[in-house]
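# Test case, fold it:
(one chain, ligands or ions: 2)
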Amino acid sequence: MKIHEYQAKQLLAQYGVAVPRNAGIAKTPAEARAAVEALGGSGVIKAQVHSGGRGKAGGIKVAKSPEEAEKISGEILGMLLKTHQVPDGLIVETVLVEEPIEIVKEYYLGIVPDRDSQRDVLIVSAKGGMDIEAVAEEDPDAIARLPVDPIEGLRDYALRQVCYDAKLDASVVNKAVVFLRQLYNAYVASDGCLAEINPLAVTADGRVLAADAKFQIDDSALFRHPEFAEYAEENEDDEIEARAHKQDIAYVRLGGDIGIICNGAGLTMTTMDEVKRAGGNPADFLDVGGGAQADRVRECLSIVLSDTNVKGVLINIFGGITRCDEVAKGVISASEQLTITVPIVVRLAGTRAEEGAAILAQSSLIPAGTMQEAAAKIVTLVNGAA
Ligand code: GDP
Ligand code: MN
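Residues are numbered from 1 along each chain as shown. Ligands and ions are numbered 1, 2, ... in the order given. Coordinates of the predicted model:
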């Protein structure tokens, strides 16, 4: 899960990381104006979207007065910020308002898990302020790495060495070592899977600050971090996905017009392939999970149908632990409770498939014997109806 720069800075500050003074976030130009006033009359307005490269894309601007802050934030708030990382763009809903700093030098500090060494690896470079991927391509020698032994932790001499290897100015090495420790502590304690300070800025008045921060939290560890629940909710930008995830239903919206409901990720993906092969476009990936009961199936159908693009639904269940008669009951009870105006093709195989088929025979649902037949039927029904 990605969190915003302002959230990452709040998090890192709890571990001692020095960040620029800020006046909080703003969601309206008036709030940005007030924030700049609070900072003493000037401030940097920074678009809070889940992407790097905001500066180049026009999402970071300095305001020299509260009036200018109002004008600039009016331009940034609501804009579609197209970065090299997210070319389709992201709508800016929030800006961070910070003290403007005069940067004289920029460095890069980061931590990511590394598959090769099977460790978290610290990454340091004197080429800060730009994309580390670009540095890695153009000037790989400018990047130094330090895999961290999780038992041994961070040793001072190793931290100093990686800073020297990265050709950081000698005068900043001792401070960079402190930042690396703080960043690592935050990363470990928060179950991070990416932490970045880019740039670590040396200012004209001699301070060293995290001018930008990026942080990602391992989704699989979110259950043990109630403190991030708020971020998780905010992170969901698709309403239907948010609704599904609240109930632990694995649902991904895909943009097509054929709703898919299956059990097991493998069967779901195979079913999507079959729909594609038959000339259709899946609207979603939905895995109802094992042992689904009737009410869960009903909720899944309701979720899939709440996508207004959906012109037909394919339900493909292989009953192992999941009982086909339970699935059939769920589909019938859903079709009684929801106003269903689109065709639904159902293929059931495995445990209690016959009982399931008998239940379905009394409904308007369209049965299919195989997955291929089911895919062909729903595609014909949807494309014919278009
Ligand atoms: P990113 O483009 O999304 O990575 O956002 P950053 O926060 O890293 O900002 C990009 C660049 O803008 C930085 O590398 C700095 O050079 C510059 N920048 C950001 N904040 C300030 C600031 O307060 N003052 C000045 N002078 N430059 C800034
Ligand atoms: Mn940056």
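# Roughly how far does whatever residue of the stretch 151-300 of the chain ends up closest to ligand 2 sit from ligand 1?
Nearest residue of the stretch 151-300 of the chain to ligand 2: residue 212, at 3.5 Å (C-beta to the ion). Bear in mind the C-beta positions are built from the backbone N, C-alpha and C, glycine included. Note on residue 212: its distance to ligand 1, by C-beta to the nearest ligand atom, to the nearest Å, is 3 Å.
# Now do the contacts for that residue.
Residue 212 sits next to 5, 196, 197, 198, 199 when contact means C-beta atoms under 8 Å, 6 or more residues apart in numbering.
# check which helix or strand covers the second one.
What that stands for is residue 196. strand 192-203 (DSSP states H and E).
# Give me the contact list for the next helix or strand after that strand.
Once the chain leaves strand 192-203, the next helix or strand it forms, by DSSP H and E, is strand 208-210. For strand 208-210, contacts defined as C-beta under 8 Å, 6+ apart pick out 9, 12, 17-20, 101, 172, 175-176, 179, 197, 200-203.
# So strand 208-210, near ligand 2 or not?
No: shown here: strand 208-210 not in contact with ligand 2 (C-beta under 5 Å from the ion), separated by at least 10.0 Å.
# Centre of the chain to that strand, how far?
Distance of strand 208-210 from the chain centroid (C-alpha atoms, centre = their mean, to the nearest Å) equals 26 Å.
# Check stretch 93-110 too.
So, by C-alpha atoms, centre = their mean, the centroid of stretch 93-110 is 22 Å from its chain's centroid.
# Equivalent analysis for stretch 138-158, please.
Worked out by C-alpha atoms, centre = their mean, stretch 138-158 lies 27 Å from the chain centre.
# End to end on that stretch, go ahead and measure it.
26 Å (C-alpha to C-alpha, to the nearest Å).
# show me what contacts residue 367?
Per C-beta under 8 Å, 6+ apart, neighbours of residue 367: 345, 346, 347, 357, 360, 361.
# I'd like to know which of these are part of helices.
Assignment to helices by DSSP state H places the following of the contacts of residue 367 there: 357, 360, 361.
# The last one: neighbouring residues, count only.
This points to residue 361. 10 (other C-beta atoms under 10 Å).
# How about the first one?
For residue 357, the tally of surrounding residues (other C-beta under 10 Å) stands at 18.
# quick one: it and ligand 2, what's the gap?
58 Å (C-beta to the ion, to the nearest Å).
# How about the second one?
Computed as C-beta to the ion, the residue 360 to ligand 2 distance reads 55 Å.
# For that residue, which non-adjacent residue is spatially closest?
Leaving out its chain neighbours, the residue that sits closest to residue 360 by C-beta to C-beta, 6 or more residues apart in numbering is residue 328, at 5.1 Å.
# Likewise for the last one?
Leaving aside its chain neighbours, residue 361 sits nearest to residue 367 (7.3 Å; criterion: C-beta to C-beta, 6+ apart).
# Show the model's pLDDT score for that neighbour.
Turning to residue 367, the model gives it a pLDDT of 92.
# got any ranges where the stretch 251-386 of the chain has weak pLDDT?
Residues of the stretch 251-386 of the chain meeting the criterion pLDDT under 70: 385-386.
# Spell out, range by range, the helices that occur in it.
265-277, 294-305, 324-337, 353-361, 371-385 (DSSP state H, counting those that start in this stretch).
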